[in-house]
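**Q** Test case, fold it:
(2 chains)
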Amino acid sequence: MADLVLDIKDLVVHYETEDADVHAVNGISFQLGKKTTLGLVGETGAGKTTTALSILNLVPNPPGKIKSGSIVLDGVDVLKLSQEELEKVRGNDVAMIFQDPMTALNPVMTVGEQIAESVELHEKVSKQEAMERAKEMLRLVGIAENRAYDYPHQFSGGMKQRVVIAIALACNPKLLIADEPTTALDVTIQAQVLELMKNLIREYDMSMILITHDLGVVAEICDDVAVVYAGRIVEIGTADDIFNHTHHPYTEGLFDSLPNLKERGEELQPIKGLMPDPSNLPPGCSFAPRCPYATDACSKKVPELRPVGGTSSSKHMVACDAYDDPKFCLRRNKDGK
Amino acid sequence: MIKYIVKRLLQLIPVIIVTSFLIYWAMNLTSGDPALLIAGDKATPEMLEQIREEMGLNDPFLVRYGRYMLGMIQGDMGESYITGKDVFQTFMETLPNTLMLGGAAVLIAVIIALPLGIYTAIHQSTWKDNVGMVFALFGTAMPNFWLGLMLILLFSLKLGWFPSGGKAGFSSVVLPAVTVGYGLAALIMRTTRSSMLDVIRQDYMTTARAKGCSERQVIFRHGLKNALIPIITAIGMQISMIMTGSVLAETVFSWPGIGRLVNDSIARRDNEMVTGAIIMCSICMCLINLVVDLVYAFFDPRIKAQYAKKG
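**A** Reported below is the predicted structural model:
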């Protein structure tokens, strides 16, 4: 496919410490088309951030190690690039927005300098031109130009996240990776920041990977969704597939644990148990120990992603061997869906 | 900012009053009879009484202290009973020597410690880090008078490159500065290393990398400036220690500095000199602290903002 921005195949990332070998990412593959937004959904520790950092080849090493796989960004495998080539890609082709805007900005540099730095690194411009660009970016994210000379501690959380976004977009990247960009913000600010991001990606024709555990955010902006559990994708498809034709028991569990405005007062149904320790994953399907549908067979073989077919789009795949039985159906889908 | 400086300078006044009172009181308790010192062993009781009367030694303690403070305001800290020299003037004549030794020592320390601290932090838990830490361990563990003696043995007696003591030109400052500087370097290096290790794990370092900064830019542009505050604190403390504390090195190298001045004066029971020198040292320490605090503001805009608020 020619219009792919990103093609990840069989990515495996481990964190090797003295005590344990943490299997953070265990064979994740997905593709991302131009101008598409993919939501990477999962619990804390599922390997979402590690996957994202791998795309920039920024997994902290040691202890992190990309064991195998390929990450083809616009036709180039980033895992095979030299350090200098990587530096050219980072910030220029791929930019990243981090989870916590409070700590993502350098406290001793003005925000203008921090945005301008990105421009200076990738484009042949003078300091003044870079600063002008920085101011332009600030305006774009809704901050007054004259605040370019202020330091991060003089901004609120939401404003800081806007600055982080401005840094990320300064060089007009093809791919934007947003790692839980709204988690650290309060709800009203979340909506503003999401709206801003949505508009900017549309305006700049960017692709985006949005990492989140908030299904509401996914519904708001994502075209495609990949549900990640214990370092593997368990279900992937368009937003419509995932939300309206849920196929994986884990995805179902995620939806059940959301509060429902229509049936207020009803008790939430959390997924039982905890995510398995990534340094000691169970054999077979890693969700089996918590899965209400699990059979003995589930803990024997790691399920492969299989196309769902039926009413879903061609993209919809699920990693659950229960579907070996053609009659198998999630409780959620039983009543008429 | 200027308001803040003025405020800090005004705060010096109570500090000086309290320290000088404590020092004057302590010296008053420990000292023998100055009259006896001046008149010598053969003095008759009448002569002693006369001297005491003339010098106001019979007045109550607080009156004597008040008189001393009045003198100090006018820059008069009395005269040494032993040498007859003006205390303030003697101190001011000795101060440049100490500053020279201290300055050279700190310079040597910073030149060695800063790069080494950063280097060991980047290579944490590797053999490079271990070698650096052993170097630092030697620096902290080795008594600096012993290092001084060893340096004299090698570089003055065997090789004859530098003089073994005294103050005569540039070459005479090298050995004492290395002696004092090595100890300082060890401490500054350890502070740099731990401060840098803290900073390296911060999110903004990842932001910088994700922007496309090279590792060098990440460390120096984004890391070092953030790591500097504890390092400056350590250097500042070292400078105040040198002001008063390089007695051993000054003695080994017979360097005419303040440490030796105080040491010799104590040995001679030259109370006026000791009191005056210690009060001056405490004022110098306060001033150094102020300078350190101002340097903080230069490197960290958050601290600057605080000063402006407090000012």
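**Q** Give the helix, strand or coil label for the most centrally placed residue in chain A.
**A** Residue closest to the average C-alpha location in chain A (C-alpha atoms, centre = their mean): A:Ile211, at 2.4 Å. Here A:Ile211 is recorded as strand under DSSP: H, G, I helix; E, B strand; the rest coil.
**Q** which residues does it contact?
**A** A:Ile211 makes contact with A:Gly39, A:Leu40, A:Lys48, A:Thr49, A:Ala52, A:Ile177, A:Ala178, A:Asp179, A:Glu180, according to C-beta atoms under 8 Å, 6 or more residues apart in numbering or on different chains. Any C-beta I mention is one placed from the backbone N, CA and C, and that applies to glycine too.
**Q** which one of these is nearest B:Val247?
**A** Using C-beta to C-beta, A:Thr49 comes nearest to B:Val247 of those, at 55.3 Å.
**Q** Doesn't the closest one belong to a helix?
**A** Yes - membership of A:Thr49 in a helix is supported by three-state DSSP.
**Q** Pull up the gap between it and A:Ile55, please.
**A** 11 Å (C-beta to C-beta, to the nearest Å).
**Q** Closest residue of the stretch 151-300 of chain A to chain B?
**A** As assessed by C-beta to the nearest C-beta, chain B sits closest to A:Tyr151 within the stretch 151-300 of chain A, at 4.3 Å.
**Q** which SS class is B:Gly165?
**A** Once three-state DSSP is applied, B:Gly165 turns out coil.
**Q** That one: how many residues sit nearby?
**A** Residues near B:Gly165, counting by other C-beta atoms under 10 Å in any protein chain shown, number 18.
**Q** quick one, phi psi at it?
**A** With angles defined as degrees, to the nearest 10, B:Gly165 sits at phi -170, psi -180.
**Q** which SS state does the closest residue to it other than its chain neighbours fall under?
**A** Using C-beta to C-beta, 6 or more residues apart in numbering or on different chains and skipping the chain neighbours, the partner closest in space to B:Gly165 is B:Ser254 (4.1 Å). Here B:Ser254 is coil, with the state taken from three-state DSSP.
**Q** Tell me which residues touch B:Ser254, please.
**A** By C-beta under 8 Å, 6+ apart, the residues touching B:Ser254 are B:Gly165, B:Gly166, B:Arg260.
**Q** ranges for the strands of the stretch 201-337 of chain A?
**A** Listed in chain order, the strands of the stretch 201-337 of chain A (DSSP state E, counting those that start in this stretch) span A:207-212, A:224-229, A:232-238, A:306-307, A:317-318.
**Q** Hmm, B:Ile242 and B:Val180 touching each other?
**A** Yes - assessed by C-beta atoms under 8 Å, B:Val180 is found in contact with B:Ile242 at 6.5 Å.
**Q** Identify the contacts common to the two.
**A** B:Leu101, B:Gly102, B:Ala105.
**Q** Does the helix or strand that contains the first one reach chain A?
**A** In this assignment (DSSP states H and E), B:Leu101 forms part of helix B:87-122. No - contact check for helix B:87-122 against chain A, using C-beta under 8 Å from any C-beta of the partner chain: none in range, with a minimum separation of 12.5 Å.
**Q** What residues of that helix count as buried?
**A** By 16 or more other C-beta atoms under 10 Å in any protein chain shown, the buried positions in helix B:87-122 come out as B:87-88, B:90-91, B:94-95, B:97-102, B:104-106, B:108-110, B:112-114, B:116-122.
**Q** Next: stretch A:4-16.
**A** Quick answer for stretch A:4-16 (16+ other C-beta under 10 Å): A:Leu4, A:Val5, A:Leu6, A:Asp7, A:Ile8, A:Leu11, A:Val12, A:Val13, A:His14, A:Tyr15.
**Q** ok, those vs chain B, which is closest?
**A** Nearest member of the buried residues of stretch A:4-16 to chain B, counting by C-beta to the nearest C-beta, is A:Tyr15, at 14.6 Å.
**Q** Check which helix or strand the closest one maps to.
**A** Using DSSP H and E, A:Tyr15 falls within strand A:4-16.
**Q** which stretches of the chain have low pLDDT?
**A** Just so you know, I chose chain A. A:1-2, A:261, A:264, A:335-337 (pLDDT under 70).
**Q** please go with chain B instead
**A** Looking at chain B by pLDDT under 70, you get B:31-32, B:244-245, B:310-311.
**Q** B:Val180 and B:Ile242: who's more crowded?
**A** Between B:Val180 and B:Ile242, counted using other C-beta under 10 Å, B:Val180 has the larger neighbour count: 30 against 27.
**Q** List phi and psi for the more buried one.
**A** Torsion angles, degrees, to the nearest 10, at B:Val180: phi -70, psi -40.
**Q** Look up the residues forming beta bridges with the residue nearest to the centre of chain A.
**A** A:Leu40, A:Asp179 (DSSP bridges).
**Q** Give me the secondary structure label for the residue of the stretch 51-200 of chain B found nearest chain A.
**A** The minimum distance from the stretch 51-200 of chain B to chain A, using C-beta to the nearest C-beta, falls at B:Ser125 (8.6 Å). Using three-state DSSP, the three-state assignment for B:Ser125 comes out as coil.
**Q** What's the local residue count around it?
**A** A count of nearby residues for B:Ser125, using other C-beta under 10 Å, gives 9.
**Q** where along the stretch 201-337 of chain A do the helices fall?
**A** Counting by DSSP state H, counting those that start in this stretch, the segments of the stretch 201-337 of chain A that form helices are A:215-221, A:239-244, A:249-256, A:331-334.
**Q** Just the buried positions in the longest one, please.
**A** By that I understand helix A:249-256. A:Pro249, A:Tyr250, A:Thr251, A:Glu252, A:Gly253, A:Leu254.
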